[in-house]
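Engineer: got a predicted structure here, sequence first:
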Amino acid sequence: MRKILVLIFFVTFVTAAQKPAIQTPKDSIASVEDKKEHPLSSGYFPIGFFDIDLKTLVKLNNYEGFRFGIGGLTNDKLFENYKFGGYFAYGLKDRASKYSLGASARINKEKKTWISAFYADDIKEIGTFDYLTDARVYSIFEPRLVNITQFYKYRKWYANIAGEFSPKLLGEFRIEHSTINNIENYYFIHKGTPLSNYKLAEATVSVRISPKTNFFTNEDGTKEYFDGFPKISAQITQGIKGIAQSDFNYTKFGLKLDYFIKRTNLSSTNVLLEGSLALGDLPLTHLFHSYPNQPTKDEILQRFSVAGVQSFETMYFGEFFSDKLTTLQIKHSLRRFNFAEKWKPELVLITRHALGNMDQTENHFGIPFNTLDNLYNETGFEINKILFGFGLSGAYRYGYYNLPKFSDNISFKFTFYLQIQ
């Protein structure tokens, strides 16, 4: 219980905002434009010619413990068509430094087109798949980060060009070379040779379509927009062997549909459908998980932590990995209860499902895991904004992957949603 109180206090102290990804600007050095809004709503706090990235200040996870840092980028007060930035961070538990440095140059102001080059030395969760053109998720306190148990180290450089083909279509092309060092006792068996460290060279094309995004101009001339639904994100990554001693050939595909229905009775439904596919020689670090968020503890109260925005709350970390994966998440928000002028909690009903597979599981040695050959199911609820943005969530795991011990199928966590205008 003492750990729970410490965690809640920490969240209260450091959290400024947590929003769905679709409501915030893209996380890119070249994407932060001058806007007439609260500085915390973008995740950057301007000080003179430098915008501090609030996401870099403090984090907490199982590998680094408390991670403290500083980072950001220059703004138009220094150069209008150039930006320089990066970050530096230090983990108290692993006693290691992480950093990134880079620069961007604007080549087309009307299309908001920038070219960038970066170098980074950091850690990353095993099995994550990021869409380059997805929006920035701004939260000083990242919900899943506290519970993640499996990371790998990387050193990489990348260069990219990103822009808007139209207000409804974003695109990005990136080339990247990375050196991977496994923290876990993991080996990828490639042509009979166990590899713990390897190099990857990738080329990625990513697009995001927002067909209902509409722009308009206010009386003061400020351009605003309605960020509508549906949103369609698509991405292709090609791994190429032999470039700067890179080790593998592979192809990764991702396709995501994010659809939101808002009704006149003030209820709403959000449907998120995503599919991922990997072909070729790919280690576990670069395959797919289903965004699990259940800590690997025995008792329900020991697993009490913060719920994620789009994660499977009853799925344990490291439990499933796939090279073919489909997930479906549906959230139905009822009209907020009007108990008092400043007390209007919200009930959200949630169901999540996942189906996947993996070829050649025998090539992955050292990390035990299962595959999602059958349908994974969980259903639950959130009662949000009970007090100061905090709420509660619960979920139950059922179907083929239901566990023998009843309590192991239950997730009980707190939520935090606080929007700063």
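Structural biologist: That came in fine, so what should we check first?
Engineer: and residue 56, its phi and psi?
Structural biologist: According to degrees, to the nearest 10, the main-chain angles of residue 56 amount to phi -90, psi -10.
Engineer: my guess is it meets residue 87, correct?
Structural biologist: Yes. Contact criterion C-beta atoms under 8 Å: residue 56 and residue 87 qualify, at 4.4 Å. Just so you know, the C-beta spots here come from the backbone N, C-alpha and C atoms, and that holds for glycine as well.
Engineer: joint contacts of the two?
Structural biologist: Between them, residue 56 and residue 87 share these contacting residues under C-beta atoms under 8 Å, 6 or more residues apart in numbering: 69-72.
Engineer: ok, those vs residue 185, which is closest?
Structural biologist: Proximity to residue 185 was ranked across these by C-beta to C-beta; first place goes to residue 69, at 27.8 Å.
Engineer: looking at the sheet around that closest one, what are its partners?
Structural biologist: Residue 69 forms beta bridges with residue 89, as assigned by DSSP bridges.
Engineer: biggest strand in the chain, by residue count?
Structural biologist: Taking DSSP state E as the assignment, the strand of the chain that covers the most residues is strand 151-166.
Engineer: gap between that one and the chain center?
Structural biologist: 15 Å (C-alpha atoms, centre = their mean, to the nearest Å).
Engineer: and what of stretch 79-95?
Structural biologist: The gap between where stretch 79-95 is centred and where its chain is centred comes out at 19 Å by C-alpha atoms, centre = their mean.
Engineer: for the residue nearest to residue 365 when sequence neighbours are not counted, give me the pLDDT.
Structural biologist: Closest residue in space to residue 365, ignoring its immediate chain neighbours: residue 187 at 4.6 Å, by C-beta to C-beta, 6 or more residues apart in numbering. Each residue has a pLDDT score; the one for residue 187 is 97.
Engineer: can you give me the neighbour number for residue 187?
Structural biologist: By the criterion of other C-beta atoms under 10 Å, residue 187 has 19 neighbours.
Engineer: next: residue 368.
Structural biologist: Here the count is done by other C-beta under 10 Å, and residue 368 has 8 residues near it.
Engineer: residues touching it, list them.
Structural biologist: Taking C-beta under 8 Å, 6+ apart, we find residue 368 in contact with residue 318.
Engineer: hang on, it in a strand?
Structural biologist: No. Inclusion of residue 368 in a strand is not indicated when DSSP: H, G, I helix; E, B strand; the rest coil is applied; the result is coil.
Engineer: can you pull out the helices in the stretch 1-150 of the chain?
Structural biologist: With DSSP state H, counting those that start in this stretch applied, the stretch 1-150 of the chain shows helices at 2-14, listed in chain order.
Engineer: so which of the shared contacts of residue 56 and residue 87 would you say is closest to residue 45?
Structural biologist: If you rank the shared contacts of residue 56 and residue 87 by distance to residue 45 using C-beta to C-beta, residue 72 comes first, at 8.2 Å.
Engineer: find me the pLDDT at residue 219, would you?
Structural biologist: Looking at residue 219, its pLDDT stands at 44.
Engineer: I should have written residue 163 there, sorry.
Structural biologist: Listed pLDDT for residue 163 reads 91.
Engineer: wait, it touches residue 110, no?
Structural biologist: No. Using C-beta under 8 Å, residue 163 is not in contact with residue 110; the gap is 9.5 Å.
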